[in-house]
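In: Sequence below, structure please.
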Amino acid sequence: MVPYKNANRLDLLWVSMTTAREVDQALQPSILSFVRDVPNLCSLAGLACTVSAIYFCFLGNFYAAMIGMIWAVAFDWADGLIARRMKGRTGNDQIFGAQLDVLIDIVSYGVTPAILLLSYGRFDPMFLPGAFILLAAAAIRLSYFSTFGLSGSAEYTGLALDNNSILLVFVFAFESLLGGEVFLPVLYAVCLALAALNVSPIKTPKLSGNPINVKILALYTLGTTALYGWKLM
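Out: Numbering: from 1, shown residues only. Take a look at the predicted model:
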């Protein structure tokens, strides 16, 4: 009789586990349900700007690419500000939003600068190491941040990746003054320096969480958009 009783207990355990899985699946939200979350919509708008920046890099229209890059940062900062002010967001909303941000960041601040360097260098193989270093530094930094988070209350270890786009958009404003032959090694050096700072042990403040800094970035975004828009005319 003992084997029979044990079999019944195993059957009951299996039924219980199966029922629990079915309940979890029934309660699990759909993938696209998270798109309705305003901060996630803001993140996706930033991704759209990033895609446009990559597109214009391939076309060699670097001024338009700069506009896409800086607007990607603006939407990135805005989504965090909106998320912190929204009420009623669930734990799943917060976890999903954080994961979405990380995945978009690797494209916006790793892939895009790498493609910018390659495109401006006319895809010469000598720029492949720089592109790899930029992308590798971004991946390493994001993995480190996902593991350890902020250092202290409001400090990063290393330079935050969003600063890469902010600084590259600023540096590129001098491209027409220096000329392509002079600016190309400058761009290469700046990209390598940014990658080194991304993974360095230096402490840098978290700028994106401060409403004042967000307003400053908004002015910077509008100003650089006007500048590069004028250069496109």
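In: the helices in this protein, which residues?
Out: 2-27, 38-59, 62-85, 91-106, 112-120, 128-148, 162-171, 175-178, 180-198, 211-232 (DSSP state H).
In: Buried ones in the last one, by neighbour count?
Out: What it means is helix 211-232. 214, 217, 220-221, 224-225, 227-228, 231 (16 or more other Cβ atoms under 10 Å). In this view, the C-beta of every residue, glycine as well, is placed from N, C-alpha and C.
In: I'd like the average pLDDT over that helix.
Out: Across helix 211-232, pLDDT averages out at 94.
In: Name the residues that touch it?
Out: 61, 63-64, 66-67, 70-71, 73-74, 77-78, 81, 166, 169-170, 173, 176, 207-208 (Cβ atoms under 8 Å, 6 or more residues apart in numbering).
In: Just the buried residues of the residues you listed.
Out: Among the contacts of helix 211-232, the ones that count as buried by 16+ other Cβ under 10 Å are 61, 63-64, 66-67, 70-71, 73-74, 77-78, 81, 166, 169, 207-208.
In: I'd guessed Ala139 sits against Val107; true?
Out: No. In this structure, Ala139 is not within contact of Val107 by Cβ atoms under 8 Å, at 11.2 Å.
In: For the two, indicate the residue with more neighbours.
Out: More crowded of Ala139 and Val107, by other Cβ atoms under 10 Å: Val107, with 17 against 12.
In: how much space between the nearest residue to that one once chain neighbours are set aside and Ile115?
Out: Closest residue in space to Val107, ignoring its immediate chain neighbours: Thr50 at 5.6 Å, by Cβ to Cβ, 6 or more residues apart in numbering. Distance of Thr50 to Ile115, given as Cβ to Cβ, to the nearest Å: 10 Å.
In: Also Asp101?
Out: Asp101 sits 20 Å away from Ile115, going by Cβ to Cβ.
In: re earlier: next one, pLDDT for the residue nearest to Val107 please.
Out: Thr50 is assigned 98 on the pLDDT scale.
In: measure it to Gly68 for me?
Out: Going from Thr50 to Gly68 by Cβ to Cβ gives 7 Å.
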